[in-house]
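Student: sequence and predicted structure below; questions after.
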Amino acid sequence: MDKKKTLSRIIGVFIGGLALVCGVVLYFQMKGNGSGKYAYIYQDGVLVREIDLTEHKEAYEFIIEYSSDTERGFNTILVDNGKIGISDADCPDKTCQHMGMISSTHFPITCLPHKLVIQIVDEAPNQEAPDIITH
Amino acid sequence: MKVKTKRLTLLAMYTTIALTIFVAESALPSLLPIPGVKLGLANIVTLWLILNGTWKDALCVLVMRIILGSIFAGQMVSFAYSLAGGLLCLVAMLAIHHLLGKEYIVITSVVGAIFHNIGQLLMAFVILQSFSVMAYLPVLFISGIAAGIFTGLCTKATHKRMGELLKLS
């Protein structure tokens, strides 16, 4: 039926456009060196740690624990020479671990089961960063 | 409420198939280390039911698969994300299918995948209360569109061969 065909074409163009826009956004997202000096660690939407990535020369680790009504767990955060990442976690999917170390503002590291978000920013702590919404 | 035995059995069978696909797929290593990037092969069953059954059948199997899948393959945390993504995906697919019909099942699948990602990201935004998860959106959309095309083609090929076998209504 012709009407369906034109509608399908419209939707198809929409989808193609969306893919294109995403590609462009992704390109710009990855482009800048996105350097950041600080890492903000959020748990349950609350800022729990502010890390200065260049503060210490040697690598160091610390553990953030998670406990809720239904489960408990931990994430071991590794800070090494301007990079931060999750080196160990007891969450079932380990996606957070596989993300590796990040040193740019492009993508955050998230551990969904433990409600953890690690975001690198460029502003110093105690200033409002633009991409944080807290309630 | 009277449920015919045949229907009940078939729905159980479809749930099992979807569940098996879901669990098996979640055991595979992820292509990208970003939460939410996956093939979504279990959606083939949902699409199949949209083609060969009513929306109630699709909804029933979807919800059962998500509940059981979260118990068997994931943690209960993923339940919220799967449910949000899955329901939004189903609604979108039913709407598109109603408009376009079974000839354009691939488009239905892609739109479903897009809305699945939207649902998941919305839920992540609600649960984590962090805007930075939106950084994943472009990657998720692109991988979702690709996965949607793939699963749509799989469903189309299967439907062509098995036709209206095991039709539910």
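Tutor: Now that the structure is in, tell me what you want to look at. Numbers count the residues shown, from 1 in each chain, chains lettered A, B, ... in the order given.
Student: mind checking the SS state of residue A:61?
Tutor: strand (DSSP: H, G, I helix; E, B strand; the rest coil).
Student: please name the residues that touch it.
Tutor: A:76, A:77, A:78, A:79, A:87 (Cβ atoms under 8 Å, 6 or more residues apart in numbering or on different chains). Bear in mind the C-beta positions are built from the backbone N, C-alpha and C, glycine included.
Student: so which residues of the chain form helices?
Tutor: All of this is about chain A. For chain A, helices defined by DSSP state H occupy the ranges A:2-31, A:95-98.
Student: actually, chain B is the one I wanted.
Tutor: B:5-27, B:43-52, B:55-72, B:77-100, B:105-128, B:137-162.
Student: could you dump these to TSV with mean neighbour count and mean pLDDT?
Tutor: Shown next, in TSV, are the helices of chain B (neighbours: other Cβ atoms under 10 Å in any protein chain shown; pLDDT from 0 to 100):
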stretch	mean neighbour count	mean pLDDT
helix B:5-27	16	90
helix B:43-52	24	92
helix B:55-72	19	92
helix B:77-100	20	91
helix B:105-128	23	92
helix B:137-162	19	92
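Student: to residue A:51, which of these lies closest?
Tutor: Residue A:51 sits nearest to helix B:105-128 of all the helices of chain B, at 18.4 Å, using Cβ to Cβ.
Student: where does the residue in chain B that chain A sits nearest to land on pLDDT?
Tutor: Nearest residue of chain B to chain A, counting by Cβ to the nearest Cβ: residue B:129, 2.8 Å away. Confidence at residue B:129, expressed as pLDDT, is 81.
Student: what does residue A:133 give?
Tutor: 50.
Student: likewise for residue A:113?
Tutor: Residue-level pLDDT assigned to residue A:113 equals 83.
Student: quick one: it and residue A:91 touch, right?
Tutor: Yes. Assessed by Cβ atoms under 8 Å, residue A:113 is found in contact with residue A:91 at 4.2 Å.
Student: those two - which one has more neighbours?
Tutor: residue A:113 (24 against 21; other Cβ atoms under 10 Å in any protein chain shown).
Student: for the more buried one, what are its contacts?
Tutor: Applying Cβ under 8 Å, 6+ apart, we find residue A:113 in contact with A:66, A:71, A:73, A:91, A:92, A:93, B:75, B:77, B:78.
Student: same check on residue B:138?
Tutor: A:22, A:23, A:25, A:26, A:29.
Student: mind putting these into JSON lines with pLDDT, distance to residue A:102 and neighbour count?
Tutor: As requested, the contacts of residue B:138 are arranged in JSON lines below (pLDDT from 0 to 100; distance: Cβ to Cβ, whole Å; neighbours: other Cβ atoms under 10 Å in any protein chain shown):
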{"residue": "A:22", "pLDDT": "93", "distance to residue A:102": "20", "neighbour count": "20"}
{"residue": "A:23", "pLDDT": "92", "distance to residue A:102": "21", "neighbour count": "12"}
{"residue": "A:25", "pLDDT": "89", "distance to residue A:102": "18", "neighbour count": "16"}
{"residue": "A:26", "pLDDT": "87", "distance to residue A:102": "16", "neighbour count": "16"}
{"residue": "A:29", "pLDDT": "80", "distance to residue A:102": "13", "neighbour count": "18"}
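Student: brilliant, that's me finished.
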